[in-house]
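# give me coordinates for this.
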Amino acid sequence: MLAEAASTLQRNQFSAKIAPPMSDFLDAAAKELVSDEWFMWPVRALAARWRWWRPVLTYFMEKDAQFNLFVRTTTALTIFQSGVKENVIPGSAHAVFNHR
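Model prediction:
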C-alpha cells in the first residue's frame, strides 16, 4: 500500500511554473544580457522580454532534466523502511519524501 502511494506521488508531479525566485534570477540575467554589447541584438531583445514568452520558456525548461527542477517542485523518495526478514509481510512501513 505504501509502495503504491509512493509510486502515485512520483507519477503525479506538480505543474511547471516559474516561481518568484527563478523570475528574479531571470530578471537579473536579462539586465546583464541587455547591457552587454557582445550579445547579438535578438538575444538581448528576447532576454529583455522573457516574461512575454514565459509559457515557451517554461515548456522547454520542463522538458530538460537539468532545468526541470527550476520550474517545478521536485519530489524524491529518500527513505523507505519496512520489514527486516525475507518472505515475511512487515507489520509496519515508513517512507520519507523530500519536496523542494
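# what residues sit buried inside stretch 32-43?
Leu33 (16 or more other C-beta atoms under 10 Å). Bear in mind the C-beta positions are built from the backbone N, C-alpha and C, glycine included.
# gap between the two ends of it?
End-to-end distance for stretch 32-43: 12 Å, by C-alpha to C-alpha, to the nearest Å.
# the longest helix anywhere in the chain - what's its average pLDDT?
Longest helix of the chain, by residue count under DSSP state H: helix 20-35. Averaging pLDDT along helix 20-35 yields 82.
# pull the residues that contact that helix.
18, 39, 43-44, 47-48, 50-51, 70-71 (C-beta atoms under 8 Å, 6 or more residues apart in numbering).
# please apply the same query to stretch 2-10.
Contact partners of stretch 2-10, identified using C-beta under 8 Å, 6+ apart, comprise 75, 77, 80, 82, 93, 95, 97.
# can you tell me the centre-most residue of the chain?
Leu69 (2.4 Å; C-alpha atoms, centre = their mean).
# distance of the residue nearest to that residue when sequence neighbours are not counted from Leu26?
Spatial nearest neighbour of Leu69, excluding adjacent residues (C-beta to C-beta, 6 or more residues apart in numbering): Arg100 at 7.5 Å. Relative to Leu26, Arg100 is positioned 19 Å away (C-beta to C-beta, to the nearest Å).
# do the same with Ala48
Ala48 is 11 Å from Leu26, by C-beta to C-beta.
# follow-up on the earlier one: show me how far the longest helix of the chain is from its chain's centre.
Relative to the chain's own centre, helix 20-35 is displaced by 18 Å; criterion: C-alpha atoms, centre = their mean, to the nearest Å.
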